[in-house]
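Asks: Pasting the sequence and the predicted model now:
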Amino acid sequence: MGAYINFDLLDTAMLCGIDIKRNTLFAEEVEARCPYCCDRRYRMYLSRLTNMFYCHNCGSGGNAVTLYADFNPRGLRLNNYESFKALLNEPSVKRYDLPQITEKPEPPIRALEERSEIYSEFLGLLRLEKEHLANLLKRGLDSAKIEGNMYKSFPTDKAERQWICDILSSRFDLHGMPGFYRADRRWKAVGQKSGILIPVRNKDGLIQGLQIRFDTPPVKQVTNAFGDKTEKKDGRFRWFSTAGRGFPDGTGITSYIHVTGDVTSDTLYLTEGGLKADVASHLSGGRLFIGLTGVQNVRYLKEVVTSLHPKRIVECVDMDIRTNPQVQKAQSKIQAICTPLCEEYKRFFWPADQKGVDDYLLFRKLKKEHEKKIKEENKNV
Ligand SMILES: [Zn+2]
């Protein structure tokens, strides 16, 4: 059995200048600001146990070699082999020679067509609970759209969830499928909290991955500067993903972009969130929307926009976050990527009482309906 070299993740992170939360520095799980999504809430976890990292905001994960490949202090874009060679010459990074058996590589993510087929089958086994249907209707979707888009409720009953995983795994091999992992020789789905599963599709309608919108945002235990434990709300949306050693045979996911509406349109609207994009597209009569899963998650933006080749791009980021400097930075990045890919790029503004573009479109629709009703009532008088 061969040995291989493992580089210390924390040493590497320090060398790369990753912003680490000081009071977690000696914890088993060190919290850091994720350089992939520029997350401000230190949601990237660097594990001293597994020597791997994972970001709970954008789903990026990896080890010292991948981190150094992307964020080495010289700012070079390295492949993993180059990164490995360069790390051998970094005296500040500790090395461990480990027997190969200690780390089983994560299975690669399955091809898009296979993922789409398996996720569709998975969603087909689930139901949509009444309160989730009500939530989606309230946003402005109609039942046909809700059914067509295949939103489903995440099963919270353990036995039911296992039963569904048993059926699914009897039909498909679930290796390389984010969201699933294996324990006691059985496939399981990650998560227990109730929420709506939202398919994140590509321009051909294939399901790239699933996001969960939790009914109540999960709460995370955090330690403040005085060493007191407090609770903090985490994001409402999360990828259905099983990265890292906590999930045997699991697979992580990257920040795919959701595409919805008329893909032949020459105007493309850009917003944040798959569900928001679906709602906004529906309320605007099927306009072409793309939804980033987080304003900073632009990894596939160039590829997606290029494949849709729009003439105009209209950015519709939530009004209430536009004053946030991190968001402004992300907006500039989006603009820098999009501008060379279209003839006209602009930002769409609406009254700040409506947070998202979906809220604004719904407000406008309801207002129109209300005005029409009043007019008809006056006619009948
Ligand atoms: Zn991240």
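Replies: Nice, thanks for sending it over. Residues are numbered from 1 along each chain as shown.
Asks: For the rest of this, base every contact and every neighbour count on C-alpha atoms.
Replies: Will do.
Asks: Show me where the stretch 251-381 of the chain dips below the pLDDT cut-off.
Replies: For the stretch 251-381 of the chain, the stretches with pLDDT under 70 are 381.
Asks: who's in contact with Leu268?
Replies: By C-alpha atoms under 8 Å, 6 or more residues apart in numbering, Leu268 lies in contact with 287-290, 310-314.
Asks: Can you report how many residues lie near the residue of the stretch 51-200 of the chain found nearest the ion?
Replies: For the stretch 51-200 of the chain, the residue closest to the ion is Cys58, as judged by C-alpha to the ion, at 4.1 Å. By other C-alpha atoms under 10 Å, the residues close to Cys58 number 24.
Asks: Verify the contact between it and Ile257 for me.
Replies: No - in this structure, Cys58 is not within contact of Ile257 by C-alpha atoms under 8 Å, at 11.8 Å.
Asks: where do the contact lists of those two overlap?
Replies: Common neighbours of Cys58 and Ile257 (criterion: C-alpha under 8 Å, 6+ apart): Thr293.
Asks: from the contacts of Leu268, which is closest to Leu362?
Replies: Distance to Leu362, by C-alpha to C-alpha, is smallest for Arg287 among the contacts of Leu268, at 14.4 Å.
Asks: so that closest one makes contact with Gly261?
Replies: Yes - look at Arg287 against Gly261 with C-alpha under 8 Å: they come within range, at 5.1 Å.
Asks: so what's in contact with these two at the same time?
Replies: Shared contacts of Arg287 and Gly261, counting by C-alpha under 8 Å, 6+ apart, come down to Ser281.
Asks: other SSEs contacting the longest helix along the chain?
Replies: Counting by DSSP state H, the longest helix found in the chain is helix 357-380. Applying 3 or more C-alpha pairs under 8 Å, 6 or more residues apart in numbering; DSSP states H and E, one finds that helix 357-380 contacts helix 274-283.
Asks: Tell me what angle the helix it packs on forms with helix 357-380.
Replies: Relative orientation of helix 274-283 versus helix 357-380 (axes from the mean of the first three to the mean of the last three C-alpha atoms, to 10 degrees): 30 degrees.
Asks: List the strands paired with the helix or strand just after helix 274-283, with their directions.
Replies: Sequence order places strand 288-292 as the next helix or strand after helix 274-283, per DSSP states H and E. According to DSSP bridges, strand 288-292 forms sheet pairs with strand 258-260 (antiparallel), strand 267-272 (parallel).
Asks: Which positions in this structure make contact with the ion?
Replies: Residues of the chain lying close to the ion by C-alpha under 5 Å from the ion are 34, 36-37, 55, 57-58.
Asks: Of these, keep whichever come out buried.
Replies: When neighbours are counted using 16 or more other C-alpha atoms under 10 Å, the residues of the chain next to the ion contain these buried positions: 34, 36-37, 55, 57-58.
Asks: how about the contacts of Leu268, which pair is most distant?
Replies: Ile290 and Lys311 (14.6 Å).
Asks: for the strands paired with strand 288-292, which one ends up most surrounded?
Replies: For the strands paired with strand 288-292, the largest average neighbour count (mean count of other C-alpha atoms under 10 Å) is found in strand 258-260, namely a mean of 28.
Asks: For the residue of the stretch 51-200 of the chain closest to the ion, give me its contacts.
Replies: If you count contacts by C-alpha under 8 Å, 6+ apart, Cys58 has them with 36-37, 254-255, 293-294, 297.
Asks: Going by secondary structure, it is in what exactly?
Replies: Taking DSSP H and E as the definition, Cys58 sits outside all helices and strands.
Asks: can you give me the helices in the stretch 101-250 of the chain?
Replies: 112-124, 130-138, 143-149, 158-171 (DSSP state H, counting those that start in this stretch).
Asks: Could you export the ones you listed as a markdown table, including mean pLDDT, mean neighbour count and distance to Ala189?
Replies: Shown next, in a markdown table, are those (pLDDT from 0 to 100; neighbours: other C-alpha atoms under 10 Å; distance: least, C-alpha to C-alpha, whole Å):
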| stretch | mean pLDDT | mean neighbour count | distance to Ala189 |
| --- | --- | --- | --- |
| helix 112-124 | 97 | 17 | 10 |
| helix 130-138 | 97 | 14 | 20 |
| helix 143-149 | 96 | 13 | 21 |
| helix 158-171 | 94 | 15 | 7 |
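Asks: Thr267 is nearest to which of the ones you listed?
Replies: Of all the helices of the stretch 101-250 of the chain, helix 143-149 sits nearest to Thr267, with 21.7 Å by C-alpha to C-alpha.
Asks: centre of the chain versus the closest one, how much separation?
Replies: Distance of helix 143-149 from its chain centroid, counting by C-alpha atoms, centre = their mean, to the nearest Å, is 22 Å.
Asks: Give me the buried positions along stretch 67-82.
Replies: Those buried within stretch 67-82 under the rule 16+ other C-alpha under 10 Å are 67-72, 78, 80.
Asks: Domains in this structure, by residue range?
Replies: 3-102, 112-239, 258-379 (automatic domain parsing).
Asks: out of those, which comes closest to Arg245?
Replies: domain 3-102 (6.8 Å).
Asks: Now the stretch 151-300 of the chain against the ion: closest residue?
Replies: Proximity to the ion, evaluated over the stretch 151-300 of the chain using C-alpha to the ion, is greatest for Asn297 at 8.1 Å.
Asks: for the closest residue to Asn6 other than its chain neighbours, phi and psi?
Replies: Closest residue in space to Asn6, ignoring its immediate chain neighbours: Tyr96 at 5.1 Å, by C-alpha to C-alpha, 6 or more residues apart in numbering. Note on Tyr96: backbone dihedrals following degrees, to the nearest 10 are phi -120, psi 140.
Asks: from what I can see Tyr96 touches Leu9, true?
Replies: No - with contact defined as C-alpha under 8 Å, Tyr96 does not reach Leu9; the gap is 10.9 Å.
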